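J.: could you look at this predicted model? Sequence included:
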Amino acid sequence: MRKGSIPENLNSVAERIVTACRSCDRRADSVTLLAVSKTRPAEDLRVAYDAGQRHFGENYLQEALDKQEALADCDIIWHFIGPLQSNKTRDVAVHFHWMHTVERLKIARRLSEQRPTGMPPLNVCLQVNIDEEDSKSGVSVEKLPELAASVAALPNLALRGLMAIPAPRGVAEDQRTPFIRLAGLLEDLKAQLPDQPLDTLSMGMSGDMEAAIFSGSTIVRIGTDIFGARK
Ligand SMILES: *Cc1c(COP(=O)(O)O)cnc(C)c1O
């Protein structure tokens, strides 16, 4: 992709979302663009914010908290998308609107307990290790129904859906396979837990965004194609 300014890049990603949605008969507003701003300074987020971007995703807690302070005047919707140690859950429970990487019950329990009263429930997605890779985070497909049932019972969390980071495929069409599988797992969960607000598939990054949208993604997490390559 051509390296443009952050507002130019946001525009071209938004156009790609519109094109992808059109080619599979989806409404463009059914996909939320999450700007993944890890390693980027707060000034870059402000440039994106001034261009209209509202959803930002961060992976590293301390870095995220520093940026939240610098951008306290902005009405940003903050998403935590990185791995989280159980002794760090309070900051996510207090300072974020969304948490995409819940993969075990201990973390979910703590997030629910630590969510301040008076705040709306924390929106959570369960991260699924969709390609069953040893090196990857996420609950296994086999254990997903049990984890989902337990998380659904926690009072201060809203179980919104599933998140995955599939292994890259060599062939573009093959990239849809894990996304379609994740979409199927969400359908199974909706049947299992009809009272939950299960409406979210957090899938698709700079390299596989279109494949994810074709497969039903509702949140695409885009870093490089907005902010440029990370060091
Ligand atoms: C870094 C990251 C992204 C963004 O990746 P790009 O390839 O830069 O678009 C998306 N999701 C997660 C979980 C990430 O860690």
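T.: Now that the structure is in, tell me what you want to look at.

J.: what's the neighbour count on the residue nearest to S140 when sequence neighbours are not counted?
T.: Distances taken as CB to CB, 6 or more residues apart in numbering place N129 nearest to S140, at 5.8 Å, with adjacent residues excluded. Where you see a C-beta, it was placed from the backbone N, CA and C, and this is true even at glycine. N129: 20 surrounding residues under other CB atoms under 10 Å.

J.: do the same with S5
T.: A count of nearby residues for S5, using other CB under 10 Å, gives 11.

J.: now do M99
T.: For M99, the neighbour count with other CB under 10 Å is 27.

J.: any idea which element it lies in?
T.: Element membership of M99 [criterion: DSSP states H and E] is strand 98-102.

J.: got the CA coordinates for that strand in PDB?
T.: Written as PDB, here are the backbone C-alpha positions of strand 98-102 (Å, rounded to 0.1, in the frame of the first residue of the first chain):
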ATOM      1  CA  TRP A  98     -14.000  -3.500  25.000                       C
ATOM      2  CA  MET A  99     -11.700  -6.400  25.700                       C
ATOM      3  CA  HIS A 100     -11.100  -8.700  22.700                       C
ATOM      4  CA  THR A 101      -8.800 -11.300  24.100                       C
ATOM      5  CA  VAL A 102     -10.500 -13.200  26.900                       C
END
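
J.: where in this protein is pLDDT low?
T.: Scanning the chain for pLDDT under 70 picks out 1-2.

J.: sorry, back to before: partner strands of the strand holding M99, with direction?
T.: Sheet pairing of strand 98-102 (DSSP bridges) gives strand 77-80 (parallel), strand 122-127 (parallel).

J.: that strand: what's the following helix or strand?
T.: Next along the chain after strand 98-102, taking DSSP H and E as the criterion, comes helix 105-114.

J.: buried sites along stretch 178-189?
T.: For stretch 178-189, a neighbour-count test (16 or more other CB atoms under 10 Å) marks P178, F179, R181, L182, A183, L185, L186, L189 as buried.

J.: let me fix that: stretch 125-140
T.: Within stretch 125-140, the residues scored as buried using 16+ other CB under 10 Å are C125, L126, Q127, V128, N129, I130, D131, K136, G138, V139.

J.: same question for stretch 61-70.
T.: L61, E63, A64, L65, K67, Q68.

J.: how near is the fourth one to V36?
T.: Counting by CB to CB, to the nearest Å, the gap between L65 and V36 amounts to 17 Å.

J.: coming back round to it: of the strands paired with strand 98-102, flag the one that's most buried.
T.: Mean neighbours per residue, mean count of other CB atoms under 10 Å, is largest over the strands paired with strand 98-102 for strand 122-127, with a mean of 24.
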